[in-house]
Every structure is written in structure tokens, then in C-alpha cells.
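Visitor: Let's see this in three dimensions:
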Amino acid sequence: MIELCNLTKSYSVKGTRKIVADNLNVTFPARTAVAILGRNGAGKSSLLRMISGAMEPDWGEVKIRGTVSWPVGFAGSFHPELTGLQNVRFIGRVYGVDTDELVEFVEDFAELGAHFRMPVRTYSSGMRSRLAFGASMGVHFDTYLIDEITAVGDASFKAKSEAVIRARLEKSGAIFVSHALPQVKRLCSQGAVLEEGQLHYYTDVEDAIAHHMRLMKTDRNE
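Guide: Next up, the predicted model:
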């Protein structure tokens, strides 16, 4: 379970104060996949980073019961001079999992071939993303934080990515930021819409999607 308690965050964008979270008090239930929807720039990714601990709020706190992943697919923490294999082994040691099993999973999943044993600095952005997604999914968490990662790769890789997410969701929850509404419907049972610093929570993901679509329609009509 993840609980946002008076969570507040804003920052300056071109001289204008942008509110990401305005005193949010929301509980994400355990073993539940929740979609976070909203306009581009609403602050969905920033909210996910605050939940992960990668970004500090201005006020309030995030209370976590159980284990929570880093934002799935985030490749920024890889050491560029180490190989993909070495980075994965390091992640395995940090999280206390069997490093051989993690390496086997990531090598098979990421489909990097010989590049898996080459420095990460030689990777394309897509290769980094596949490595990051594989490493994220290779460690079992109570809640996964997922930010648009399945957009990376061809149709076959996207299908494989969704399949492994489904497998993890059999025992874990997720907070899922995505603009892909068909995928949201397939993977999530509940949803929330982030709008002007407020998070409107719905226990039925269809209601969250309807709210999101009203926002998009309003934007088109303006």
C-alpha cells in the first residue's frame, strides 16, 4: 500500500509556478494496478518520481508498506563504463536477489545479443530502455512504478513487455502512467486523473478514462 499524506510539490517553469501536487491525500491499495492519467505536462512523471523517492516533495510525505520499484524502464542510473551484464549484477546485489537468475532473465528478455557484454555508453536509447525494463521486471516488488516504458521496441517486444507486466501483476500492484488507453484498460482496474495539482481517484478505471477524455475534448475545443 502507498499513501500520499499532504503531498505538495511545485516548481518554476519560465517564470510561472507549476503545481504538480496540491496537498494530496490519496491511498493506492495493495495488489492493485492503478492508472495515472492527465494532460501532457500535468506532472504525472514527477508524481511517480516522488513516490519512488527520486524527487523530494515541498511538503508532506509518501508512506509505503512493502517494496516499491524504481520507475520501471528508467535507465539514468546505469554506469556508462560498465557493461549491461555488470550493471545488472550490481542491481542484483543492491536488491539482494540471485544475481545469476537476474542476469539470465535480463539477457533473455532485453535481446541485446553481444551488446549485453559491452559498455552501456555504446548503447542506443532503445537498447538502454530494454535493459532497464528487463532489470526492473527481473526484481520482484510489491508495487511497480511504470512510466510509458512499453512504448519502446517493435510490436513483438511490446507484446512481450505487456506479458511480463501481466505476470507480475498476478502477485503485485502497480502505478501505471500511460497515454495508451487500450493498454490501460487491459492492465489496470482503478485509475486517477492528475489535473492542476489535484488527483481525482476512481475505483473503476473506466470512470478515470472518461474523466481523462473530457479533459482531452476540452483541450481540442479551446
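Visitor: Tell me how many other residues crowd the residue nearest to residue 31 when sequence neighbours are not counted.
Guide: Using Cβ to Cβ, 6 or more residues apart in numbering and skipping residues adjacent in sequence, the residue nearest residue 31 is residue 173, 4.9 Å away. Any C-beta I mention is one placed from the backbone N, CA and C, and that applies to glycine too. Around residue 173 there are 24 other residues, counting by other Cβ atoms under 10 Å.
Visitor: for residue 173, what are its contacts?
Guide: Listed by Cβ atoms under 8 Å, 6 or more residues apart in numbering, the contact partners of residue 173 are 28, 29, 30, 31, 32, 33, 34, 142, 143, 144.
Visitor: Could you pull up the residues touching the fourth one?
Guide: By that I understand residue 31. Residue 31 makes contact with 142, 171, 172, 173, according to Cβ under 8 Å, 6+ apart.
Visitor: Among the residues you listed, which lie within strands?
Guide: Using DSSP state E, the members of these that fall in strands are residue 173.
Visitor: Output the contacts of residue 31 as a markdown table; include the columns pLDDT and distance to residue 156.
Guide: Listed next are the contacts of residue 31 as a markdown table, based on pLDDT from 0 to 100; distance: Cβ to Cβ, whole Å:
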| residue | pLDDT | distance to residue 156 |
| --- | --- | --- |
| 142 | 96 | 29 |
| 171 | 94 | 25 |
| 172 | 96 | 24 |
| 173 | 96 | 27 |
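Visitor: got a winner among the contacts of residue 31 for most neighbours?
Guide: residue 173 (24 neighbours).
Visitor: Angles on the backbone of residue 191, please.
Guide: With angles defined as degrees, to the nearest 10, residue 191 sits at phi -160, psi 170.
Visitor: how far does stretch 200-220 sit from the chain's center?
Guide: From the chain centre to the centre of stretch 200-220 is a distance of 20 Å (Cα atoms, centre = their mean, to the nearest Å).
Visitor: List the buried residues in that stretch.
Guide: 200, 201, 202, 205, 208, 209, 211, 212 (16 or more other Cβ atoms under 10 Å).
Visitor: now, which of those sits nearest residue 131?
Guide: Closest approach between those and residue 131, by Cβ to Cβ: residue 205, at 30.0 Å.
Visitor: In helices, which of the buried residues of stretch 200-220 fall?
Guide: Among those, the members falling in helices (DSSP state H) are 205, 208, 209, 211, 212.
Visitor: residues touching the first one, list them.
Guide: For residue 205, the contact set (Cβ under 8 Å, 6+ apart) comprises 35, 184, 185, 188, 189, 190, 191.
Visitor: Show me where the protein has its strands.
Guide: Under DSSP E, the chain gives strands at 2-13, 16-28, 33-37, 59-64, 68-72, 143-147, 173-177, 190-195, 198-202.
Visitor: OK, contacts around the residue nearest to residue 202 when sequence neighbours are not counted?
Guide: With Cβ to Cβ, 6+ apart as the criterion, residue 202 has its nearest non-adjacent residue at 4.3 Å, and that residue is residue 208. Residues near residue 208 by Cβ under 8 Å, 6+ apart: 35, 37, 190, 191, 192, 193, 200, 201, 202.
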